[in-house]
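# Give me a model of this one.
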Amino acid sequence: MIMSAYISRIIRAARLDVQLYEEVESDKGATGQAVLTIILSSIAAGSANIARAGLSGVIIAILIALIGWFIWAFLVYIIGTKLLAEPDTSSDMGELLRTIGFSSSPGLIRVFGIIPGLEMLLFIVSAFWMLIAMVIAVRQALDYKSTGRAVWVCVIGWAVQILITVLLLSVFVGTAAKSL
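Residues are numbered from 1 along each chain as shown. Take a look at the predicted model:
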């Protein structure tokens, strides 16, 4: 029963169901499910690359995805509640972690990247799908009336998170290269 409820949430999140994002925003028990969704989405992305990157590459990708998720949620929290808040904006870190975690559910399709020729297409489709889900998640978690404001919060947070992720990757890759 618990697993079927979780799978239902993943499907609803991928379908961009606004009510799902409201539901997980207020369900403190959904934090573990949000983390699991990020992990599964990261594994799906890494599985297509396992032949090229190996198991250690997949593990590093999962760790970076989790760190990136937390960084992005933190940035969205600061940008969305302090810099670009609307009068009715009200949220906490947990609400954002849960909604943003479920917004990664469209990334599960990347597991089909193991099919030759589909990896890049699935990466592009899932990236845009996850960004749209993220905008909905942010709009709901921050109680925005304006979708445009949620887009700006996501884009600004995403750009800064990408820079941080690139720095983390360079440290991990540089460290791994030095140990060889």
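# Show me where this structure dips below the pLDDT cut-off.
Applying pLDDT under 70 to the chain flags residues 1, 49, 51, 172-180.
# residue nearest the centroid of it?
residue 104 (4.1 Å; CA atoms, centre = their mean).
# quick one: contacts for it?
Shown in contact with residue 104 (CB atoms under 8 Å, 6 or more residues apart in numbering): 37, 38, 41, 69, 130, 133. All C-beta atoms are positioned from the backbone trio N, CA, C, and that covers glycine.
# Which stretches in the protein count as helices?
Secondary structure of the chain (DSSP state H): helices at 2-14, 18-26, 31-47, 50-78, 93-102, 119-141, 147-179.
# Deepest-packed of the ones you listed, please.
Of the helices of the chain, the one with the most neighbours on average (mean count of other CB atoms under 10 Å) is helix 93-102, at a mean of 24.
# what packs against that helix?
helix 2-14, helix 18-26, helix 31-47, helix 50-78, helix 119-141 (3 or more CB pairs under 8 Å, 6 or more residues apart in numbering; DSSP states H and E).
# Output those in JSON lines; the columns should cover distance to residue 153.
Converted to JSON lines, the helices and strands packed on helix 93-102 look like this (distance: least, CB to CB, whole Å):
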{"stretch": "helix 2-14", "distance to residue 153": "19"}
{"stretch": "helix 18-26", "distance to residue 153": "14"}
{"stretch": "helix 31-47", "distance to residue 153": "18"}
{"stretch": "helix 50-78", "distance to residue 153": "6"}
{"stretch": "helix 119-141", "distance to residue 153": "6"}
